[in-house]
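**Q** 3D, please:
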Amino acid sequence: MDDLLSPAPYGQACGGCARAKSKCFFRVGGSECQRCHRLGKECEPARKRKAATPPPHHQQPQQKQRLQEPALSSRLEEKLDSLVSLLRSQATDKHGQAHAHTPKSLTESTSSHHFAAHPTPPNNSCAETTTGDREFSGSFTSEAGPDIVFDAGNSVMRPVRPSESGTPIQSPIHRDVSKHNVSDQRAEELLSVFRQSFIPTFPFVYIPAHKSARELCQEKPFLWFVIMCLTNPNVSEQFAMADTVWDIISQRVITQQLANLDLLLGIICFGAWAHYFKKDKPFMTMLAQIAISLATELSIHQDSFSHSRQTRSAKMLVRDAIQRKPRTLEERRTILAVFHLTSAAWCTYRKVEALRWTPYMASCLRMLCEAAETNWDLVLATQVKCQAITNQLMCAAGDQPAANGGDPKSSSAMFVTYLLRQLDEIRQSLPPEISLYSKNPPYNTHLSRKSQAKEAHTGSAQFYLYSTELKIRESILTRLASHQATEPSGFRRLQDLDSLLTCAERWLAVWFEMPLVDWLGVTVDTFAQFTHCLIILFKLTTLSEPGWDIEEVRRRADVLEALDRSCATVERVPTAVGMVDAEPESPHRGLFFKTTYLLRSIKALILAEMTPDGVPSAALQSPESGVVIDDYNEGGGSLMHYGTEYMFMRDELVLSLSDEPWLSDMWSSSWDRISEGAFNQPLFA
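**A** Numbers count the residues shown, from 1 in each chain. Have a look, this model is predicted:
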């Protein structure tokens, strides 16, 4: 029987077998299939399939397939665009109708996790309001536009609409800082101090002259609060506000993982002037690493078009529907400020190297110079260029020992010449108002941009230019001095020593020409440059080398006189700016109330390291101009008197100074070989 049946070809089964999902067998010599014949049903012929339309003769099938693939991606992008347009249109509805359709889960307190994209601008006040139940733990910016929130609990995406009262959603930072109750008038005064004394030293942010403190608080509440904390003349209030800053960093940045430009700028500001709030241990390196993490999280360390996300699924290319905008000048300035902060932390504490210089940073630096919003952008660019040169010298050596017992910082004459040429190119590219230091430089925010540049204090640029030259010239002198050197090479070494002395002399000239109000803005990096200059002068003063005149060094730049003048200036700063120190029973003291004691301690250490023949007679005969150290005291320290006042320098102070690389060099073993004419130890050991 089976020999008389033949199976129907694929796709040609009769209608009855096709509907019954049964195998169709045609009978030999018959017009019907076996199943229909057995059941006595009419065998319906198979339906004819529609033939595929052949492609045009001028287009091959492979070409058509290649043209269809992008259409799939285009249709997907169109659908996403239509979805975004729908959300935008819904977000602009009337408040009443919008509130009626708002999900309850979005108006309740934070019962589920939300992540905000394009959040609502903060309220027009930094005071605490009743909008705490509308706060989110996501990223907040000041951009206007519809709010899109991803509800992690329901896995849906809905627009967030304003409440019936029309009060916009606030950043949680506003609630954190509102407890200090800084009035608008007080905030304007402190912001003016920040513009006048702090921005010229480190112009990491551009705050237009027409922008008020209230507007700054609305846009960048954390940066605003750090500025208020930094410029507060009351030391007790300053440390109380610093505790709030640490709470925001630990709670919002670390725990809740918030990331926006406001938090990044605030951390940069807090880290650059970290010595204002130092208690036991320095924390500048820690803040520098947090700044790097935030910059990476915000992806401002690279161009916005360099990391376009692309995924393949079912042989289709799906691109981001959201068009990435070019980096703003503020973002480019901020990443350069991060590089500045990390470089300063590396040169000061030598724990973690600076952020690596990339071609994208070079493009940011070029655009900052070409499209500068203010002349302070040019000052920042100058500082960053100098730090990039210094990092070539310092970061390459690191803490690794050099071969043949030399110094890892020692450099060849060719490399030094190359770095000095780069530094000269920076000087030549500066405009006259920045390259020439003004002796009477009040910062007037009401002047035009050109007038501000002429009146502004541009000493910060000169600090970095001279400090960079000082480190470059010092690197070639760290090599061992050859006692069998020929006369021409010995003359060359004396020339290098004289150039080093001239550079230190110029740096100190800029240092002492600063007005009293500008001393408020001295950063950690600038103070590290000052101590480095003192170390160089000490080495030059105690250097025993044929042909080197030590008396000439003291006449041109005496290290002890520099410390005395600095102490006298620092003592005048609190009175000039109305600064109030903490209570005597408080464990913390203000920066300018403890700096004098620190400088006197440094002078005492220098005198202790000098030989009796090397100490100037004025420092020994006049108690008002020097520090005299008695024998070691059984109480665990040394007794010294400054003028008519006796001070007890405890061992705890010496141990705390040993944690500072830029101060521990003052009693390092490298000084033991200075009398032999050897600059053979790294400066920052």
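**Q** helices and strands of the chain: which one has the lowest mean pLDDT?
**A** strand 114-117 (a mean of 37; mean pLDDT, DSSP states H and E).
**Q** Am I right that Leu520 is in contact with Phe194?
**A** No - the criterion here is Cβ atoms under 8 Å, and Leu520 misses it with Phe194 at 9.1 Å. Quick note: C-beta positions are derived from backbone N, CA and C, even for glycine.
**Q** Give the intersection of the neighbour lists for these two.
**A** Both Leu520 and Phe194 are contacted by Thr231, under the criterion Cβ atoms under 8 Å, 6 or more residues apart in numbering.
**Q** Send me the strand or helix carrying Lys385 as CSV with only the CA atoms.
**A** Here Lys385, judged by DSSP states H and E, is contained in helix 375-394. Below are the C-alpha coordinates for helix 375-394, written out as CSV (Å, rounded to 0.1, in the frame of the first residue of the first chain):
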residue,chain,number,x,y,z
ASN,A,375,41.9,86.8,31.7
TRP,A,376,42.0,84.5,34.7
ASP,A,377,41.5,81.7,32.2
LEU,A,378,44.9,82.7,30.8
VAL,A,379,46.4,82.6,34.3
LEU,A,380,45.0,79.1,34.8
ALA,A,381,46.4,78.0,31.5
THR,A,382,49.8,79.4,32.5
GLN,A,383,49.7,77.5,35.8
VAL,A,384,48.7,74.3,34.1
LYS,A,385,51.5,74.6,31.5
CYS,A,386,54.0,75.1,34.2
GLN,A,387,52.7,72.1,36.1
ALA,A,388,52.9,70.0,32.9
ILE,A,389,56.6,70.9,32.6
THR,A,390,57.2,70.2,36.2
ASN,A,391,55.5,66.8,36.0
GLN,A,392,57.9,65.8,33.1
LEU,A,393,60.7,66.4,35.6
MET,A,394,59.2,65.1,38.8
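**Q** Show me what it is packed against.
**A** Counting contacts by 3 or more Cβ pairs under 8 Å, 6 or more residues apart in numbering; DSSP states H and E, helix 375-394 packs against helix 329-349, helix 359-370, helix 413-429, helix 432-435, helix 449-455, helix 459-477.
**Q** And the ones you listed, which one averages the lowest pLDDT?
**A** Of all those, mean pLDDT reaches its minimum on helix 449-455 (a mean of 39).
**Q** How many residues are close by Val559?
**A** Per other Cβ atoms under 10 Å, the neighbour tally for Val559 reads 25.
**Q** quick one: the strands in the stretch 201-350 of the chain?
**A** 310-313, 316-319 (DSSP state E, counting those that start in this stretch).
**Q** For Gln196, report the pLDDT, please.
**A** On pLDDT, Gln196 comes in at 93.
**Q** I figured it hits Val517, correct?
**A** Yes - at 6.2 Å, Gln196 counts as touching Val517 under the criterion of Cβ under 8 Å.
**Q** who has more neighbours, those two?
**A** Using other Cβ under 10 Å as the criterion, Gln196 and Val517 rank with Gln196 on top: 22 against 16.
**Q** What separation do you get for the more buried one and Ile207?
**A** 12 Å (Cβ to Cβ, to the nearest Å).
**Q** Could you do Trp224 as well?
**A** Distance from Trp224 to Ile207, by Cβ to Cβ: 10 Å.
**Q** For the two, list the residues in contact with both.
**A** With Cβ under 8 Å, 6+ apart, Trp224 and Ile207 have common neighbours Leu216.
**Q** So which of these two has more stuff around it?
**A** More neighbours surround Trp224 than the other of Trp224 and Ile207, with 29 against 21 (other Cβ under 10 Å).
**Q** Tell me how many other residues crowd the closest residue to the more buried one other than its chain neighbours.
**A** Distances taken as Cβ to Cβ, 6 or more residues apart in numbering put Cys217 closest to Trp224, at 4.3 Å, once the chain neighbours are dropped. By other Cβ under 10 Å, the residues close to Cys217 number 28.
**Q** same check, this time on Ala528
**A** Ala528 has 22 neighbouring residues, counting by other Cβ under 10 Å.
**Q** Surely it is in contact with Trp346?
**A** No - with contacts counted by Cβ under 8 Å, Ala528 stays clear of Trp346, the gap being 10.5 Å.
**Q** for the protein, what are the low-confidence residue spans?
**A** Along the chain, the parts satisfying pLDDT under 70 run over 1-4, 48-73, 88-170, 305-324, 396-411, 435-458, 478-489, 611-685.
**Q** Could you break it into its assigned domains?
**A** With domains defined by automatic domain parsing, the chain comprises 2-39, 73-160, 185-317+332-336.
**Q** now the helix holding Lys385 against helix 459-477, angle please.
**A** For helix 375-394 against helix 459-477, the angle by axes from the mean of the first three to the mean of the last three Cα atoms, to 10 degrees is 10 degrees.
**Q** mind listing what's buried in helix 375-394?
**A** Neighbour-count burial for helix 375-394 flags 375-394 (criterion: 16 or more other Cβ atoms under 10 Å).
**Q** Just want the angle from it to helix 359-370.
**A** Using the same axes, to 10 degrees, the inter-axis angle of helix 375-394 relative to helix 359-370 is 150 degrees.
**Q** Report the angle between helix 375-394 and helix 413-429.
**A** Using the same axes, to 10 degrees: helix 375-394 against helix 413-429 is 180 degrees.
**Q** between helix 375-394 and helix 329-349, how many degrees?
**A** Going by the same axes, to 10 degrees, helix 375-394 makes 40 degrees with helix 329-349.
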